[in-house]
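Novice: Task: produce atomic coordinates for the following.
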Amino acid sequence: YDEKCVFCRIARREEPGTALLPCEDEDLVCFRDIKPGAPHHYLVVPVKHMGNCKTLKTEHIPLVKRMMEVGKAVLQKNNFSDLNDVRMGFHWPPFCSIAHLHLHVLAPASQLGFLSRIYYRVNSYWFIT
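Specialist: Predicted structure coming up:
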């Protein structure tokens with residue numbers, strides 16, 4: 001836990017302005033992005049503080065898969081069912097504003113605006129899907 005990390009505080013329910021969405025995994029939390037790039041834009045975050053996506057190792061593959069499953073489940077709970085029109089990924093440092101691992105879940109990807117198509121561009125230098 002890093003008390004200076006806003007995502008750690010959100011995960012511990014210490015940020016009353018951020019509502020957590022129902023999540024079936026006790027090691028993860030999910031909430032809406034404060035600057036949505038799509039009609040559905042959620043962040044899936046480990047409760048335990050982890051560095052950005054550059055710190056991921058082979059042993060973290062199950063965690064990333066669970067993060068993706070939580071993202072899909074949250075979309076479905078929010079009446080979005082076309083899982084072929086979803087973009088998920090991580091911003092690559094130094095292009096991530098918060099140094100706590102977080103998966104962006106955006107849908108429908110086909111409705112990303114001009115800037116969002118750049119900011120969340122598939123496998124670019126700054127966004128890894």
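Novice: would you list every one of the helices in this structure?
Specialist: Using DSSP state H, the helices of the chain run over residues 6-11, 61-77, 114-119.
Novice: In JSON lines, list the ones you listed along with mean pLDDT.
Specialist: Output for the helices of the chain, formatted as JSON lines (pLDDT from 0 to 100):
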{"stretch": "helix 6-11", "mean pLDDT": "95"}
{"stretch": "helix 61-77", "mean pLDDT": "97"}
{"stretch": "helix 114-119", "mean pLDDT": "95"}
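Novice: Can you give me the separation between residue 104 and residue 4?
Specialist: As judged by CB to CB, to the nearest Å, residue 104 and residue 4 stand 22 Å apart. Bear in mind the C-beta positions are built from the backbone N, C-alpha and C, glycine included.
Novice: of these two, who's got more company?
Specialist: A direct count of neighbours by other CB atoms under 10 Å for residue 104 and residue 4 places residue 104 higher, at 22 against 6.
Novice: so what's that one closest to, chain neighbours aside?
Specialist: Once flanking residues are discounted, residue 104 sits nearest to residue 89: 5.8 Å by CB to CB, 6 or more residues apart in numbering.
Novice: can you count the residues close to that neighbour?
Specialist: 20.
Novice: go on, residue 25?
Specialist: Residue 25: 16 neighbours (other CB under 10 Å).
Novice: likewise the one 4 residues further on?
Specialist: Burial of residue 29, expressed as a neighbour count using other CB under 10 Å, amounts to 22.
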